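In: Quick one: sequence and predicted model below, then my questions.
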Amino acid sequence: MDQYITTPLTKEKIKQLKAGDYVRITGTIYTARDAAHKRMDEALAKGECLPIDMNDTIIYYMGPSPAREGRPIGSAGPTTASRMDKYAPKLLDLGMSAMIGKGKRSQAVKDAIIRNGAVYFAAVGGAGALLSKKIIHSEVVAYEDFGTEAIRKLEVEDFPVIVVIDAQGNNLYETAILDYKED
């Protein structure tokens with residue numbers, strides 16, 4: 001089913017999403033990759049506040065290429081989500097509502113998704129130039145010293161993703177295989 005959602009992504013909105021749904025996101029999302037996740041984890045270990053509020057937040061695992069003239073951002077394709085698996089459960093427990101990436105997730109992340117009523121979306125890998133056209137504004141909000149891995153606040157319009165793991169734990173990567181298995 002096609003779904004159109006506007007951020008913030010609340011628990012009520014998440015309950016309506018099912019594995020396999022095509023979703024278009026409009027509103028604010030944040031980017032963070034490996035280095036930013038590690039620094040946020042270190043900040044939490046020291047009792048420090050995070051640079052962004054996790055409540056009902058969507059984090060897109062992406063580090064953009066430089067923007068061409070007249071564009072807010074360069075190519076903006078997803079990175080492999082499993083690299084953030086050791087950090088994601090803690091952020092989900094702090095209120096993060098969704099993650100966007102590509103690839104499979106660990107059992108610990110799946111458990112945290114179910115425990116927190118969250119969702120994991122996939123964006124199409126290799127389509128970064130097309131995805132960047134759905135980003136209408138980009139600004140660095142934390143960890144500027146990381147360059148492309150800085151945390152960015154993005155404004156997106158009809159950003160296309162697919163629900164891979166829904167709040168009930170249904171996993172498109174597992175169920176889709178069954179459709180193609182020989183009897």
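Out: Received the coordinates, thanks.
In: where do the helices sit along the chain?
Out: With DSSP state H as the criterion, the chain has helices at 11-15, 34-45, 88-93, 107-116, 128-132, 172-180.
In: Tell me the buried residues in the fourth one?
Out: Think helix 107-116. Along helix 107-116, these residues count as buried under the neighbour rule (16 or more other CB atoms under 10 Å): Val109, Lys110, Ala112, Ile113, Ile114, Asn116. To be clear about C-beta, it is placed using only N, CA and C from the backbone, and glycine gets the same treatment.
In: ok now do the fifth one, which residues does it touch?
Out: What that stands for is Ile114. Taking CB atoms under 8 Å, 6 or more residues apart in numbering as the criterion, Ile114 is in contact with Ala167, Gln168, Gly169.
In: returning to that earlier point: need the helices of the chain in CSV with mean pLDDT and distance to Pro51, can you?
Out: Conversion of these to CSV gives the following (pLDDT from 0 to 100; distance: least, CB to CB, whole Å):
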stretch, mean pLDDT, distance to Pro51
helix 11-15, 94, 23
helix 34-45, 96, 7
helix 88-93, 98, 12
helix 107-116, 98, 21
helix 128-132, 87, 23
helix 172-180, 79, 31
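In: I'd like the ones you listed laid out as a markdown table, including distance to Ile58.
Out: Written out in a markdown table, the entries for the helices of the chain read as follows (distance: least, CB to CB, whole Å):
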| stretch | distance to Ile58 |
| --- | --- |
| helix 11-15 | 11 |
| helix 34-45 | 15 |
| helix 88-93 | 11 |
| helix 107-116 | 13 |
| helix 128-132 | 14 |
| helix 172-180 | 18 |
